[in-house]
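Enquirer: Show me how the following folds:
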Amino acid sequence: MNSLVSRVLVFICAIAVCLSTSHSALAGNLSDRIDRFPNWDGAAQVINHEGELTYPEWFRGQWVATSTLLEQVAPLAPDVITPGFENNRQYIDKPIKFTVQFVPNNPEKAAKFLPLNLPRLKSNLPAPQIVADRAFNGLNIATAYLGAENVTSVKIDPNNSTKQITQLTQDRELEAFVTGFDRETTQPNQFIATELSQQIFRTSSTIYLNTVETTTSYQFAPTPTPSITATQISAIYLSPKDPNYFRTISKLQSRPVALYKYQLKLVPIPER
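Expert: Sure thing, here's the model as predicted:
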């Protein structure tokens, strides 16, 4: 496997910051899940399958993110080890920096297309919700992990705001779309979220499919300088089209084939 493909698979397993108002998960479900790492028996149970994951107001703005891989586990080794797993060890304890932003998903965007003779009833519009800028974040994360020389573009499907297409050089493409998400808020300055996504990596000769769960516990510190710290875990599950899938099901009840634990810190970029 060449080095670019290995780095793409690192990217597949990396953080999903580039990540509908949703109902909150039952208090403690997601936090308990993080505490149980690496003893996960299957993917998180989510109740939301449409719309965008929304974030607390304190995410609004642009941030310099530092992501550090702390630990990786292959629960099914030596029987099943995902491509790129061993190569990923070189990233342990090595901080990787990139810029991300979270922006209002403003409902007034729809209102501006109303005929001019109709009232705009702004007072009845819901407050803007904070969402990740997937195209902006995705491009910066891909560039940080894969190198700018290997990334052609990152686009969002106009028909699905959670579907992200990363075009790489040499006709390589990574497609990812969210299939479910949930969130949990137990304290004003704490936010825990999980996303499940289907990811497809294509080359001229290979298609690699998997399901990825990213569960993250964020903590906001407003003073003295605002910052967000987080523990983030990415779990990789085999696709039913993978020849090892049924071995995983029969032996270990859909356990992940790889787990990656990250430390994440976000520091705001001052407004100009």
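Enquirer: count of residues packed around N29?
Expert: N29 has 15 neighbours, counted by other C-beta atoms under 10 Å. C-betas here are computed from N, CA, C, even on glycine.
Enquirer: For the residue lying closest to it once chain neighbours are set aside, give its distance to T215.
Expert: Closest residue in space to N29, ignoring its immediate chain neighbours: E184 at 6.5 Å, by C-beta to C-beta, 6 or more residues apart in numbering. Applying C-beta to C-beta, to the nearest Å, the value for E184 to T215 is 10 Å.
Enquirer: intersection of neighbour lists for the two?
Expert: In terms of C-beta atoms under 8 Å, 6 or more residues apart in numbering, E184 and T215 are both contacted by the residues 30, 192-193.
Enquirer: can I get those residues in CSV with secondary structure and neighbour count?
Expert: Converted to CSV, the shared contacts of E184 and T215 look like this (DSSP: H, G, I helix; E, B strand; the rest coil; neighbours: other C-beta atoms under 10 Å):
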residue, secondary structure, neighbour count
L30, helix, 24
I192, strand, 25
A193, strand, 24
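Enquirer: Adjacent strands (with direction) for the helix or strand where Q232 lies?
Expert: For Q232, the element it lies in under DSSP states H and E is strand 227-238. If you go by DSSP bridges, strand 227-238 pairs up with strand 207-221 (antiparallel), strand 258-268 (antiparallel).
Enquirer: Which of those comes out lowest on mean pLDDT?
Expert: Per-stretch mean pLDDT for the strands paired with strand 227-238 is lowest at strand 207-221 (a mean of 92).
Enquirer: Sort out which residues of that one are buried, please.
Expert: Neighbour counts over strand 207-221 (16 or more other C-beta atoms under 10 Å) mark 208-218, 220 as buried.
Enquirer: From S217, how far off is the nearest residue to T143 once chain neighbours are set aside?
Expert: Nearest non-adjacent residue to T143, counting by C-beta to C-beta, 6+ apart: V151, 5.3 Å away. If you measure V151 against S217 using C-beta to C-beta, the figure is 29 Å.
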